[in-house]
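Student: Give me the fold of what follows.
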Amino acid sequence: MIEVARTTKASAHDIWPVLSDVESWPALLPTFDKVTRLHADGPVGVGAKFEVRQPGLPKAVYQVTEWQPTTLFTWESPAPGVRSTASHRLEETPEGTRIVLTMTWSGPLAWLARKLYGSKARRFMTQEAEGIARAAEDAGQAD
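Tutor: Numbering: from 1, shown residues only. This next block holds a predicted model:
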């Protein structure tokens, strides 16, 4: 498992709208080229699917498997021989809010995904935590 964490002074209330609006990530984060919701009906939650395009990675379809507003969302992408699971969690701390991003691969080809994409995933996740924190801090200052 890869885990990246970043603590920010922004509140979970300010972070959640940035974190949960995945279709806007390409405008905020250089690690996403395009995120498109598939079957865009109703609010985002468990079962929502997104086509995700990231630089240097194969196109993936992620489905939300856990959705706890202001706290957590997890989505998964199946591919032949491997399942990618990404979690996005917010934890209140005395210093502010901790943004915790995790990525795990499971299945018979998980070892290959870790070898091929592990360092890139860690680099991307670090940039994502920084970008989400920065956008939330900017939004909090605008209030």
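Student: switch to C-alpha atoms for all contacts and neighbour counts from now on
Tutor: Will do.
Student: Check the secondary structure at the most centrally placed residue in the chain for me.
Tutor: Closest to where the C-alpha atoms of the chain average out (CA atoms, centre = their mean) is residue 88, at 5.3 Å. Look at residue 88: counting by DSSP: H, G, I helix; E, B strand; the rest coil, its state is strand.
Student: Return the set of residues that bridge with it.
Tutor: With DSSP bridges applied, residue 88 shows beta-bridge pairing to residue 73, residue 101.
Student: With residue 8 instead?
Tutor: residue 97.
Student: give the contact list for it.
Tutor: 95-99, 133, 137 (CA atoms under 8 Å, 6 or more residues apart in numbering).
Student: ok, now how distant is the residue lying closest to residue 20 once chain neighbours are set aside from residue 101?
Tutor: Once its chain neighbours are removed from consideration, residue 20 has its nearest residue in residue 73; the separation is 7.7 Å (CA to CA, 6 or more residues apart in numbering). Using CA to CA, to the nearest Å, one obtains 10 Å as the distance from residue 73 to residue 101.
Student: who touches both of those two?
Tutor: When contacts are counted by CA under 8 Å, 6+ apart, residue 73 and residue 101 have 87-89 as shared neighbours.
Student: all strands in the protein, in order from the N-terminus.
Tutor: Counting by DSSP state E, the chain forms strands over residues 2-8, 34-38, 49-53, 60-68, 72-79, 82-93, 96-106, given from the N-terminal end onward.
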